[in-house]
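1. Take this sequence and fold it.
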Amino acid sequence: MDLYFDNAATSWPKPPGVVNSLRVYQRRAGASAGRGAYPRAQASRAVLDRCRDSVATLFNAPDPQRVIFTLNCSDALNLALHGFAWKPGDRVLLTPFEHNSVLRPLHRLKEEVGVILDVMPVDVDGRVDVERVPRLLKARTRLIACVHASNVTGVVQPVDALGAFAKKKGIPFLVDAAQSSGAWPLDVQKMNIDLLAFPGHKGLLGPLGTGALIIAPGLDLKTLREGGTGSLSENETQPDFLPDRFEPGSHNAPGLLGLTEGIKFIKKLGGPKAVRRHEKALLDQFREGLSSCKNVDFFGPRSTDHQVAVVSLRCQNESPTKTAARLWAQHRVMVRAGLHCAPWAHRQIGTFPSGTFRFSFGPFVTSRHIDHALSSLREL
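-> Numbers count the residues shown, from 1 in each chain. Prediction:
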């Protein structure tokens, strides 16, 4: 039996509706939205509209037209970070658990513009100490960026408190929900999130090549790309209205139909709250079982109350890459090893540069699968 424990990279398997979406799209639509008045083009437009509405409803976004489709979460984060009119000396507050999709755009802004990065303090679990954040606030702080859940330790940040602080200070709040969207309840209005970036292919169970950035009303960004939109074609400048302003070129409509199906499947399960309950039960079972696995070090929060279904481990006296290879070769268990594109996180927990090997669960993982994973670790 082959067991997939790499849902933090991309979810698998996909729901039947997602798998079937490509065939459905090509048979019923197949055209490019906004490029014709004939039925197939209109059907493609309807696919985009339904997906936008589904995303807005899931995250309680007030305006579906401010749901901007992107290539993936990294693309959404690039749009958010490069969308500000940065000046030398502007500052960004961020956590020590950010993914390279945030770190690399910010590093470029640091090198080319002179943006300054201020790292928020965290407690022993890796959660931001919100009470100490005001001490880091400067006159030129232009943005607070926070990964909602670490893809290394799974620790979940207090975005509610950070969002309230950001709103009070009038500072835009960017949240990277790569590991939490679909698996943890998120409400952009209640949490005061101005920019929410997420992929479609992880917790939302959609296809690769999908993602979005939700932009709060009243917040404007520079464009990252320009091109044809099918609207205002007589103008040589990009349209100034959303979503066209940020969506040049033909859309990945088949993928967005699949994303709609993924969201529909999550709703059938009972929504993100139900997914969270399921994954927390798996986490509790897995972490309890780790106590009987000799020579295995665990890296993560003390409690699963503030952890998504991501668990980082290391076998003593063996590289994570070798352990992951043995798990596959000897037990057909698929995990990811290395730095997981988050070097700051590994420096924070003391596992740089070799990293860890990571188990990450999803809605299709069962208690029986957890037992098999633990048995495999014990044998190793």
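2. how near is Ala37 to Phe69?
-> Distance, Ala37 to Phe69, by C-beta to C-beta, to the nearest Å: 22 Å. (Each C-beta comes from the backbone N, C-alpha and C, glycine too.)
3. And the contacts of stretch 110-130?
-> With C-beta atoms under 8 Å, 6 or more residues apart in numbering as the test, stretch 110-130 has contacts from 86-97, 106, 109, 132-133, 136, 138, 140-141, 146, 150, 153, 155-158, 161-162, 165, 300-303, 306, 348-349.
4. what's the answer for stretch 17-35, then?
-> 38, 40-41, 43-45, 47-48, 205-207, 229-231, 250-251, 253-254, 257-262, 264-265.
5. Out of those residues, which sit inside strands?
-> Within these, no residue falls in strands by DSSP state E.
6. sorry, back to before: who's more crowded, Ala37 and Phe69?
-> Shown here are Ala37 and Phe69; by other C-beta atoms under 10 Å, Phe69 has more neighbours (24 against 6).
7. pLDDT wise, what is Glu234 at?
-> Looking at Glu234, its pLDDT is 83.
8. Apologies, that question was intended for Leu380.
-> 88.
9. so it sits right up against Thr323, yeah?
-> Yes. In this structure, Leu380 is within contact of Thr323 by C-beta atoms under 8 Å, at 6.8 Å.
10. Mind listing the shared neighbours of those two?
-> Joint contacts of Leu380 and Thr323 (C-beta under 8 Å, 6+ apart) are Cys315.
11. more crowded one of the two?
-> When neighbours are counted by other C-beta under 10 Å, Leu380 and Thr323 differ, and Thr323 comes out ahead with 20 against 17.
12. Ramachandran angles for the closest residue to Gln316 other than its chain neighbours?
-> For Gln316, ignoring the flanking residues on the chain, the nearest one in space by C-beta to C-beta, 6 or more residues apart in numbering is Asn295 at 4.3 Å. Here is the backbone geometry of Asn295 (degrees, to the nearest 10): phi 60, psi 30.
13. what's near enough to touch Asn295?
-> 315-317.
14. Of those residues, which is the most crowded?
-> Highest neighbour count within these: Cys315, with 21 neighbours (other C-beta under 10 Å).
15. Burial check on Val95, number of neighbours?
-> Rather than Val, residue 95 is Thr. 26.
16. can I get the contacts of Asn295 in CSV with secondary structure and pLDDT?
-> CSV is the format used below for the contacts of Asn295 (DSSP: H, G, I helix; E, B strand; the rest coil; pLDDT from 0 to 100):
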residue, secondary structure, pLDDT
Cys315, strand, 95
Gln316, coil, 92
Asn317, coil, 89
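17. In three-state terms, how would Arg378 be classified?
-> helix (DSSP: H, G, I helix; E, B strand; the rest coil).
18. ok, now how distant is it from Met334?
-> 18 Å.
19. Show me the chain divided up by domain.
-> Domain ranges of the chain: 3-12+271-379, 16-269, per automatic domain parsing.
20. Count the neighbours of Phe84 for me.
-> Phe84: 20 neighbours (other C-beta under 10 Å).
21. actually Lys110, not the one I typed
-> 15.
22. again, but for His372
-> Neighbour number of His372 under other C-beta under 10 Å is 16.
23. Show me what counts as buried in the strand or helix carrying Ala274.
-> If you go by DSSP states H and E, Ala274 is part of helix 272-290. Counting neighbours by 16 or more other C-beta atoms under 10 Å, one finds that the buried residues in helix 272-290 are 272, 275-276, 278-280, 282-283, 285-287, 289-290.
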